[in-house]
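A.B. asks: Sharing a sequence plus its predicted fold:
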Amino acid sequence: MTSFRRTTAALALAAVSGLAVTLAQAPAQAEDKASRTVDVRLIGINDLHGNIEPPSGSSGRVTLSDGSQVTAGGAAYNATHIKNLQAQVRNSVIVGQGDLIGASPIVSALFHDEPTIEILNTVGMHATAAGNHEFDEGYQELLRMQRGGCHPVDGCDFRESYEGADFPIMGANVTLAKNGRPALPPFWVEFRDGMPIGFIGMPLKDVPILVDPNGIKELKFGDEIAAANRYADLLNWLGVKSIVLLIHQGDNTQGGGPDDCRLNATKGPGQIIAESVSPKIDAVFSGHSHQHYNCTVNDPDGNPRPFIEGLAFGRELSVVDLKIDKRSRDVIRSETRARNHIVTRDVPADPEVQAIIDLAKEKSGPIANQPVARIGGDIVRAATPSGEQPLGLLIADSQLEATKGNGAVLALMNPGGVRADLTYASSPAGEGAGVVTYGEAFTVQPFGNILQTVTLTGAQIKAALEQQWQVVNGATRQIVLQPSAGLTYTWSASAPIGSKVSNVVLNGAPLDPAANYRVTINSFLQGGGDGFSAFTGGTEITGGGIDLDGFIAYLKAHDGITAPATGRITNVA
């Protein structure tokens, strides 16, 4: 495929080395100020997750600094905004920070995200980092997304053929376990007015605990900072002095608008990376946290550089304007300007992109618009102070119900697997308030995980509950599992990690550390996903159905269901 040849060209060091010689021999430019610099606009998008249609509800709004909100997102509007941003400047490069595919709505996911890749090709994406969700279907499927070819099981359902991505999907810290060689292109170089700009891209090192480990067994994921520094040194040696990091790792914030920098007081993993990577790197585009911020951090030499992330689902574009000195070929840091640009819906929809979306809707519509159940009100995934998500609790209840035949007495659901709210308002297909379509249910649970019932001791269950708090890159990460009805416990914010959970009660009786319990978890958790290694010690594994099927069956069996009451988890100071 042409796209794959273009990608692998990035790894042809001989060719790049020849390029470096050419650059070194380039004649000096005229001394007049107008010709000394080259302006380049970088336009970044992160965490699109196949949201090619305008996202709905809170996922389709941007909160401004004053608390007001703007409706935003949708690939056809995104394309128009990108064209408008490009029209304002002579030179531009479109980049991605990962999770552009994966965990997608059915309109894209039904076709293994081929519509999303086609749209990114259409808008002219130049290079992107891989995120963790690019590995959702495994390494081999990611290679197919890059190179093209029909899906090995489902074939080509969207088009008669699939040509692959016209841009490299990079993973500078991803290597083959058998020989340590790059598993994905580690970097890419674009030229604007003769100036080379190097892009290093990579996912976060924690991919193995965020995806099904069976799909990435042949890979190793290394330290982000070490990989960034290694390739920054290589690019610099090759004569590429303007270097940008595209990293699928970011930080949480304390609110704020698109261009605020309200990071948490304790440095998160994204900020640590942005401050620590080589001074040769001139800008850091980030992702993964689904937050927006526009920050300036100092590199190890004390020089400022932007650290920026835009809101997920295509609601914002991160725009960084660079000025490159023609003599040094390096970025003039003091002239860098950064901002997050809101993808408003008050512009015309790009007709070429809209045609791709319309085709995907037409082909997925008979499945997506099929009514499957009714609800009696909004059931949301927003968490209470204890960490409970009403929708997460409902899903846990559905998983327990689906696996009682396997002896299950408890189900635990990972909160990151709950991807959208169930809203009571009229469905997209127009069936009326309270109707849930297959597409809406799929958007809530898009991963197709298998329900697995395992035998765990009470001590192992307690250990899993304690693993809801983990130290990652020096900061505490909290991931509160959603329990099915019948399990209650208390956790303490002030207690040390490893001893936060107490008063665990299952079906009216205190949890017995020595007793065996049949517990249902999805295949992601059973493989140790999200760092829950305690689940890998489960025995007597009994496979069940797909999580989405169990969820839909539960909704059907409980017509007009409303959000379950919270209170299964209690938090204290």
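C.D. replies: Arrived safely. Note that the structure is a prediction, hence the values are computed from the model and not measured.
A.B. asks: pretty sure Ile479 is touching Leu525, no?
C.D. replies: No: look at Ile479 against Leu525 with Cβ atoms under 8 Å: they stay out of range, at 10.4 Å. Just so you know, the C-beta spots here come from the backbone N, C-alpha and C atoms, and that holds for glycine as well.
A.B. asks: what about these two, which has more around it?
C.D. replies: More neighbours surround Leu525 than the other of Ile479 and Leu525, with 25 against 16 (other Cβ atoms under 10 Å).
A.B. asks: I'd like the secondary structure assignment at the more buried one, please.
C.D. replies: In the three-state summary, Leu525 is assigned as helix, counting by DSSP: H, G, I helix; E, B strand; the rest coil.
A.B. asks: Contact partners for it?
C.D. replies: In this structure, Leu525 makes contact with Leu412, Asn414, Phe532, Phe535, judged by Cβ atoms under 8 Å, 6 or more residues apart in numbering.
A.B. asks: Of those residues - the most surrounded one?
C.D. replies: Ranked by neighbour count (other Cβ under 10 Å), the contacts of Leu525 have Phe535 at the top, with 26 neighbours.
A.B. asks: Go ahead and confirm it touches Phe524.
C.D. replies: No: using Cβ under 8 Å, Phe535 makes no contact with Phe524, being 9.7 Å away.
A.B. asks: which among the contacts of Leu525 gets closest to Arg329?
C.D. replies: Proximity of these to Arg329 was ranked by Cβ to Cβ; the top entry is Asn414 with 46.2 Å.
A.B. asks: Give me the distance between that closest one and Asn522.
C.D. replies: From Asn414 across to Asn522, the span is 7 Å (Cβ to Cβ, to the nearest Å).
A.B. asks: Next: Lys280.
C.D. replies: As for Lys280, its distance to Asn522 is 42 Å (criterion: Cβ to Cβ).
A.B. asks: Which one of those two is surrounded by more residues?
C.D. replies: For Lys280 against Asn522, the residue with the higher neighbour count under other Cβ under 10 Å is Asn522, and the figures read 28 against 21.
A.B. asks: residues near the residue nearest to that one when sequence neighbours are not counted, how many?
C.D. replies: Beyond its immediate neighbours in the sequence, the residue positioned closest to Asn522 (Cβ to Cβ, 6 or more residues apart in numbering) is Asn449, lying 3.8 Å away. One way to gauge burial is a neighbour count; for Asn449, by other Cβ under 10 Å, it gives 23.
A.B. asks: dump the residue contacts of Asn449.
C.D. replies: Counting by Cβ under 8 Å, 6+ apart, Asn449 makes contact with Asp212, Gly417, Asn522, Ser523, Phe524, Ile546, Asp547.
A.B. asks: So which of those are in strands?
C.D. replies: Using DSSP state E, the members of these that fall within strands are Asn522, Ile546.
A.B. asks: Distance to Val123 and pLDDT added to the contacts of Asn449, as JSON lines?
C.D. replies: What follows is the contacts of Asn449, written out as JSON lines (distance: Cβ to Cβ, whole Å; pLDDT from 0 to 100):
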{"residue": "Asp212", "distance to Val123": "30", "pLDDT": "80"}
{"residue": "Gly417", "distance to Val123": "29", "pLDDT": "91"}
{"residue": "Asn522", "distance to Val123": "34", "pLDDT": "90"}
{"residue": "Ser523", "distance to Val123": "34", "pLDDT": "82"}
{"residue": "Phe524", "distance to Val123": "31", "pLDDT": "85"}
{"residue": "Ile546", "distance to Val123": "33", "pLDDT": "83"}
{"residue": "Asp547", "distance to Val123": "33", "pLDDT": "92"}
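A.B. asks: Quick check: of the contacts of Asn449, which lies closest to Pro366?
C.D. replies: Distance from Pro366 was checked for each of the contacts of Asn449 by Cβ to Cβ. The minimum falls on Ile546, at 19.7 Å.
A.B. asks: my read: that closest one touches Pro446, true?
C.D. replies: No: with contact defined as Cβ under 8 Å, Ile546 does not count as touching Pro446 (11.2 Å).
A.B. asks: What residues does the spatially most central residue of the chain make contact with?
C.D. replies: Within the chain, the residue whose C-alpha comes closest to the C-alpha centroid is Asp99; the distance, by Cα atoms, centre = their mean, is 3.7 Å. Going by Cβ under 8 Å, 6+ apart, Asp99 touches Asn46, Asp47, Leu48, His49, Gly131, Asn132, His133, Glu134, His248, Gly287, His288, Ala312.
A.B. asks: same check, this time on Gln140
C.D. replies: Contacts for Gln140 (Cβ under 8 Å, 6+ apart) come out as Gly215.
A.B. asks: host element of it?
C.D. replies: Per DSSP states H and E, Gln140 falls inside helix 139-147.
A.B. asks: Quick check: what element follows that helix along the chain?
C.D. replies: Of the helices and strands lying after helix 139-147 in sequence (DSSP H and E), the nearest is strand 169-170.
A.B. asks: State the paired neighbours of that next one in the sheet, together with their directions.
C.D. replies: Paired strands of strand 169-170, with direction, are strand 127-129 (parallel) (DSSP bridges).
A.B. asks: which SS class is Cys295?
C.D. replies: Here Cys295 is strand, with the state taken from three-state DSSP.
A.B. asks: Not counting its neighbours along the chain, what's nearest it?
C.D. replies: Spatial nearest neighbour of Cys295, excluding adjacent residues (Cβ to Cβ, 6+ apart): Cys261 at 3.9 Å.
A.B. asks: Quick check: that neighbour is in a strand.
C.D. replies: No: following the definition three-state DSSP, Cys261 is coil and is not counted among the residues of a strand.
A.B. asks: can you tell me which residues contact it?
C.D. replies: With contacts taken as Cβ under 8 Å, 6+ apart, Cys261 has the following neighbours: Tyr293, Asn294, Cys295, Thr296.
A.B. asks: top of the residues you listed by neighbour count?
C.D. replies: Among these, the one with the most neighbours (other Cβ under 10 Å) is Tyr293, at 28 neighbours.
A.B. asks: What number of residues are in the vicinity of the residue nearest to Pro300 when sequence neighbours are not counted?
C.D. replies: Of all residues not flanking Pro300 in the chain, Pro279 sits nearest, at 5.5 Å (Cβ to Cβ, 6+ apart). If you count neighbours by other Cβ under 10 Å, Pro279 ends up with 16.
A.B. asks: do the same with Gly268
C.D. replies: Counted by other Cβ under 10 Å, the residues lying close to Gly268 total 23.
A.B. asks: With Asn298 instead?
C.D. replies: Neighbour count of Asn298, defined by other Cβ under 10 Å: 12.
A.B. asks: Please report phi then psi for the closest residue to it other than its chain neighbours.
C.D. replies: Closest residue to Asn298 apart from its sequence neighbours, by Cβ to Cβ, 6+ apart: Pro304 at 5.8 Å. The main-chain torsion angles of Pro304 are listed as degrees, to the nearest 10 and equal phi -80, psi 150.
A.B. asks: got the contact list for Pro304?
C.D. replies: Applying Cβ under 8 Å, 6+ apart, the residues near Pro304 are Thr296, Val297, Asn298, Arg333, Ser334, Thr336.
A.B. asks: export those to JSON lines and tack on distance to Leu176 and pLDDT?
C.D. replies: Supplementary listing: these in JSON lines, determined by distance: Cβ to Cβ, whole Å; pLDDT from 0 to 100:
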{"residue": "Thr296", "distance to Leu176": "37", "pLDDT": "98"}
{"residue": "Val297", "distance to Leu176": "33", "pLDDT": "98"}
{"residue": "Asn298", "distance to Leu176": "35", "pLDDT": "98"}
{"residue": "Arg333", "distance to Leu176": "36", "pLDDT": "98"}
{"residue": "Ser334", "distance to Leu176": "41", "pLDDT": "97"}
{"residue": "Thr336", "distance to Leu176": "36", "pLDDT": "98"}
